[in-house]
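Asker: A structural model of the following input is requested.
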Amino acid sequence: MLEWFTRLLKHEPEAALFLCLAMGFTIGRVKLGPIKLGGICGTLLAALFVGQLGVELSPVVKNFSFALFIFALGFTAGPQLFANLDRSAWRVATLSIVEFVSVVTVVLVAARLLGLDPGSSAGLLAGGATESAVLGTASDAIGRMGLGSGQEQKLQANIVTVYSISYLVGLITIVVFTSQIAPRLMRIDLAEEARKLWASLGGSGNKEGQSVLPSIVHRRFDVTATHKTVGDVEGTTPTRLSVVRVVRDHERLALHRDLELAPGDDILVVGHRAAVIAGTQGIGREQAEELSSAEPLSTRELVVTRKEIEHRPLSELGAVLRDRGHTSLQLGGVRRAGKSVPLLPETQLIKGDVLKVIGTAPDLEKAAQGAGYLVPVGASTDLVLLAGGIVVGYLLGLPHAHLGSLELSLGTGGGALVAGLLCGYLRSRHRRFGTVPPPAAEVLKDLGLATFIAAVGLGAGKHALEVVERYGWTLPVASFFVTLLPALASLLLGRYVLKIAPPVLLGAVAGQQCSTPAINTVVGVAGNTTPMLGYTVTYALSNVLLPLLGPLIVALAARGH
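Answerer: Sure thing, here's the model as predicted:
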């Protein structure tokens, strides 16, 4: 049976690919305490196992999938990257530079001490920094070194094998360091510090309320109060309620904040449940509201692009939109770099933030004019942009530069990343520029990277044991220091020099490692999402900077080796 199955996989290597993906993402779902390996690492382990059977994929599959992944990564990171390149975020952004410099230094020291070849050095950096994209850029750099096919394949296999070991060690190290060790080093209670920061941003309690009930509700009232205006009822917070209809003597009145309500008015309000309950106390008698007669509301995503909105707190955003007549608008959430940030009055917006906005169709369109643009409903991926952008990326990767005896180049991976960054930035500035919807971009990133990892893992499978036997226990030890030392350097700099708030600092340290498990654990210990304010900045920057280290570490390690 095993012999038949082996022949099948060798004859149909595409089946082996999908087998690795299925096995890998199943492995990645297994949770050991606060840690999950994730689908990418799981796929690599599955591919190394299946690769022992001698199954290999065409190099075209590997190159194609990585190009899709790295372009989509740049496209989604572009708006946040350029938004964070300003004075308001420089303290947190500095930590990504610390990671960039220190991880290279530690890897080069380890390479010299252990005698690592360029492939193993790149694998150590990719795993220690928990950045899988380095595998592609480093593999591409080795392919351009002009080595024989056998030596080239061996070095590329070493990247993957060392990465699989160092990633496991690095993942455990950064999760434990950020959530357990770092708070003790700073002598703080992370939950208490997060509570204080939450309160300073205008939050009540300690975190967002969780409920199985709908967060946005309609309520209809027969007004009995006197001397109350629409503005008095609505309030000013980002989770305020909105008066969306006032009917007096069977006539619908034009809405504005100074409109004084009169006893007997029939009003309809909409908003977050807690805001509606608090804001309508004493206003009148609640009436039954038929669903068919409720004001039709839509939920859309709005991307912030307007300069006048940038760096303004959410409390002012509500006032700006109301001044433009957007009486029905409700803010349901804010996502930055794909992650939710606290929905609090003093949370500041930056370009590229994606707002979940609920309101009537006319008000949503007006909001888009004042704040950014609405993500089209059911938008399809612009394949002209996708394919053309990757071609531009290949062209950007062709030029070479010399730094002393080193020959450096972006390569196809770095070129596609830069092209994606530029396209993503242009899209954030001009809504008519071709689009890749966020869900489609996530699929391209996940499937592209997983396919690439499976392809290189299958090719490396037969060499994996050789590397493990050669370096033994020294690789896990080196991986531990590659992860720990940059994180410790950033922690000390952020705490004692840059004076970053501890929850934000710990989120930033997790972000500089591009570690989703680490930030999830930190948020769990903190008890609220304030660490996300630091994570999104360094995550966006490190997602761009670390992949560019692939060609650099290969060149430096080759020179030393």
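
Asker: from now on I want contacts and neighbour counts done on CA atoms only, so please keep to that.
Answerer: Will do.

Asker: so how far is V107 from L556?
Answerer: 10 Å (C-alpha to C-alpha, to the nearest Å).

Asker: doesn't S242 lie inside a strand?
Answerer: Yes: assessed with DSSP: H, G, I helix; E, B strand; the rest coil, S242 lies in a strand.

Asker: of L556 and V107, who's got more company?
Answerer: V107 (25 against 18; other C-alpha atoms under 10 Å).

Asker: buried ones in the strand or helix carrying the more buried one?
Answerer: For V107, the element it lies in under DSSP states H and E is helix 90-114. Judged by neighbour count using 16 or more other C-alpha atoms under 10 Å, the buried positions of helix 90-114 are 91-100, 102-104, 106-111.

Asker: show me where the stretch 301-450 of the chain has its strands.
Answerer: Secondary structure of the stretch 301-450 of the chain (DSSP state E, counting those that start in this stretch): strands at 330-336, 339-340, 354-359, 372-374, 401-403, 406-408.

Asker: most packed of those?
Answerer: Burial of these is given as mean neighbour count (mean count of other C-alpha atoms under 10 Å); strand 372-374 ranks first at a mean of 24.

Asker: by contact count, what packs against that strand?
Answerer: If you count contacts as 3 or more C-alpha pairs under 8 Å, 6 or more residues apart in numbering; DSSP states H and E, strand 372-374 packs onto strand 298-304, helix 361-371.

Asker: 7 Å instead?
Answerer: strand 298-304 (3 or more C-alpha pairs under 7 Å, 6 or more residues apart in numbering; DSSP states H and E).

Asker: quick revisit: mind putting the strands of the stretch 301-450 of the chain into CSV with distance to V243 and mean pLDDT?
Answerer: Below are those laid out as CSV (distance: least, C-alpha to C-alpha, whole Å; pLDDT from 0 to 100):
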stretch, distance to V243, mean pLDDT
strand 330-336, 11, 81
strand 339-340, 27, 82
strand 354-359, 11, 82
strand 372-374, 23, 81
strand 401-403, 62, 67
strand 406-408, 60, 63
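
Asker: ok, the residue lying closest to L331 once chain neighbours are set aside - contacts?
Answerer: Spatial nearest neighbour of L331, chain neighbours left out: V357 (4.8 Å); criterion: C-alpha to C-alpha, 6 or more residues apart in numbering. Listed by C-alpha atoms under 7 Å, 6 or more residues apart in numbering, the contact set of V357 reads T299, R300, E301, L302, L329, Q330, L331, G332.

Asker: please redo it, this time with the cut-off set to 8 Å
Answerer: T299, R300, E301, L302, L329, Q330, L331, G332, G333, L364 (C-alpha atoms under 8 Å, 6 or more residues apart in numbering).

Asker: can you tell me the closest non-neighbouring residue to the second one?
Answerer: Nearest residue to R300, sequence neighbours excluded (C-alpha to C-alpha, 6+ apart): V357, at 5.4 Å.

Asker: over to I40?
Answerer: For I40, the spatially nearest residue (C-alpha to C-alpha, 6+ apart) is A450, at 5.5 Å.

Asker: residues near the one you found, how many?
Answerer: Neighbours around A450, by other C-alpha under 10 Å: 27.

Asker: quick one on the thing from earlier: pipe the strands of the stretch 301-450 of the chain into TSV and attach distance to V392 per row.
Answerer: Shown next, in TSV, are those (distance: least, C-alpha to C-alpha, whole Å):
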stretch	distance to V392
strand 330-336	27
strand 339-340	29
strand 354-359	27
strand 372-374	26
strand 401-403	18
strand 406-408	19
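
Asker: please name whichever of the ones you listed is nearest to H272.
Answerer: strand 330-336 (7.8 Å; C-alpha to C-alpha).

Asker: contacts for the closest one next, please.
Answerer: 80, 238-242, 271-272, 340-343, 352-359, 536.

Asker: re earlier: which stretch among the strands of the stretch 301-450 of the chain comes nearest S179?
Answerer: strand 339-340 (18.5 Å).

Asker: for the closest one, packing partners?
Answerer: helix 532-545.

Asker: counting by contacts, list what the helix it packs on packs against.
Answerer: By 3+ C-alpha pairs under 8 Å, 6+ apart, helix 532-545 packs against helix 59-83, helix 90-114, strand 339-340, helix 502-512, helix 516-526.

Asker: and it, what's its mean pLDDT?
Answerer: What helix 532-545 shows for mean pLDDT is 88.

Asker: what sits against the residue located most distally from the centre of the chain?
Answerer: The centre of the chain is farthest from one residue, D249, which by C-alpha atoms, centre = their mean lies 51.8 Å away. D249 sits next to D265 when contact means C-alpha under 8 Å, 6+ apart.

Asker: hang on, the earlier thing: mind putting the helices and strands packed on helix 532-545 into TSV with distance to G424?
Answerer: Below are these laid out as TSV (distance: least, C-alpha to C-alpha, whole Å):
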stretch	distance to G424
helix 59-83	4
helix 90-114	20
strand 339-340	17
helix 502-512	20
helix 516-526	22
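
Asker: so which of those is nearest I277?
Answerer: Judging the helices and strands packed on helix 532-545 by C-alpha to C-alpha, what sits closest to I277 is strand 339-340, at 24.9 Å.

Asker: what does that closest one contact?
Answerer: G333, V334, T529, M532, T536.

Asker: thinking again about what came up before, for the helix holding V107, packing partners?
Answerer: Counting contacts by 3+ C-alpha pairs under 8 Å, 6+ apart, helix 90-114 is packed against helix 118-128, helix 474-496, helix 502-512, helix 532-545, helix 549-560.

Asker: so where's the longest helix in the protein?
Answerer: Among the segments of the chain that qualify as a helix by DSSP state H, the longest is helix 149-176.

Asker: okay, whatever helix or strand comes next after that one in CSV with CA atoms only?
Answerer: Downstream of helix 149-176, the next assigned helix or strand under DSSP H and E is helix 182-186. Output of helix 182-186 as CSV, limited to C-alpha atoms (Å, rounded to 0.1, in the frame of the first residue of the first chain):
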residue,chain,number,x,y,z
ALA,A,182,9.3,41.2,29.8
PRO,A,183,6.6,42.4,32.3
ARG,A,184,8.8,41.0,35.2
LEU,A,185,11.9,42.7,33.8
MET,A,186,10.0,46.0,33.7
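
Asker: numbering from 18 from now on, please.
Answerer: That works, and once the first residue is 18, the last one we named lands at helix 199-203.

Asker: now do the nearest residue to S138 once chain neighbours are set aside, the pLDDT please.
Answerer: Using C-alpha to C-alpha, 6+ apart and skipping residues adjacent in sequence, the residue nearest S138 is A128, 6.0 Å away. pLDDT, A128: 90.

Asker: and the one 5 residues further on, by the same measure?
Answerer: In the prediction, the pLDDT value recorded for L133 is 89.
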